[in-house]
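> dropping a prediction and its sequence here:
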Amino acid sequence: MEGSTIIFYLLALLTVVSGILAVTATNILRAAISLLFALIGIAGIYFWLDYQFIAAVQIVVYVGGIVVLIIFSIFLTQSAGEKMPSQKLGRTVFSALAAFCGFALVLIQLFQHNFPISKDLTLTPKVADIGTQMLGVKEEGYALPFELVSMLLLAALIGCIVIAMRSKPQTT
Amino acid sequence: MQPGLYHILIISAALFFIGVFGFFTRRNLITMLMSIELILNSVNLNFIAFNKYVWPHKMDGLFFSLFVIAIAAAEAAVAIAIIINLYRSHQSIDVEDAGEMKY
């Protein structure tokens, strides 16, 4: 077995096991840390695929941003170390059954379909090309969605401040 | 066996249904948000895998994942603002405790 194959399976194992721990851990802080490792595993898979730019974005935005935000909100709303109440057994069993049936359905569909896999697998996007196409206004450019997402981020920023702002005490 | 498109699609499907399982079983808003993050990440992984193995000379899958990441960041920020506001009024972030508009 080659080295890159072993690395791929290790990354896959890290991702799936930490994903399972993130949804089953009873301590909420432990669940957040497991989510962190699952996201790092996905970033590692992006690196394995030679997509360095999206891997860097994944680490900066998810690992550095969203998980830190989640951990802060855990500190603000929960007493640390407290266990979450466990769910009813029936609900857990039926959820696991539903998730497993969906997974099996997807796998059956996946192996019946034959994807036209390209011959040239060494091609990877360069960061300069990504920038040119992202801000291009020609036929394949993404300038309009880029601007839309910037407006969405501004709206989300203002919305967060308005929602989380403490309402003023009534002065008489 | 050299890992290829199918291996990555299997990982992505597994992550998606792990997230769905978490969304069904958890009753705490923050852990439900974490399940949604797992689901969004599995979608991103799918886009990147198809971009790499089926259309390597194009970059559309890459741009879709970038936009999904940006929208997920906005969604997480708004959700956490709502969670903190809910905690302030109910002293709890369990979905069962916020039932005023249910009946």
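All right, it came through fine.
> local confidence estimate at residue 55?
As the question left the chain open, I've gone with chain A. For residue A:55, the model assigns a pLDDT of 93.
> looking at chain B here, not the other one
88.
> helix, strand, or coil at it?
Of the three states, residue B:55 takes coil under DSSP: H, G, I helix; E, B strand; the rest coil.
> next, count neighbours for it.
Residue B:55 sits with 14 neighbouring residues when counted by other C-beta atoms under 10 Å in any protein chain shown. Quick note: C-beta positions are derived from backbone N, CA and C, even for glycine.
> can you confirm residue A:139 is in a strand?
No - if the criterion is three-state DSSP, then residue A:139 is coil and not within a strand.
> can you tell me how far it is from residue A:133?
Relative to residue A:133, residue A:139 is positioned 10 Å away (C-beta to C-beta, to the nearest Å).
> pick out whichever of these two has more residues nearby.
The residue with more neighbours, out of residue A:139 and residue A:133, is residue A:133; 19 against 5, by other C-beta under 10 Å.
> show residues contacting the host helix or strand of the more buried one.
Remark: residue A:133 resides in helix A:127-134, with elements defined by DSSP states H and E. Helix A:127-134 is contacted by residues A:52, A:53, A:140, A:141, A:142, A:143, A:146, B:59, B:62, B:63, B:66 when judged by C-beta atoms under 8 Å, 6 or more residues apart in numbering or on different chains.
> so how far is the helix or strand just after it from its chain's centroid?
Going down the chain from helix A:127-134, the next helix or strand is helix A:143-164, by DSSP H and E. Distance, stretch centre to chain centre, for helix A:143-164: 19 Å (C-alpha atoms, centre = their mean, to the nearest Å).
> who are the packing partners of helix A:143-164?
helix B:60-90 (3 or more C-beta pairs under 8 Å, 6 or more residues apart in numbering or on different chains; DSSP states H and E).
> the helix it packs on: which residues count as buried?
Buried residues in helix B:60-90, counted by 16 or more other C-beta atoms under 10 Å in any protein chain shown: B:61-67, B:69-70, B:72-84, B:86-87.
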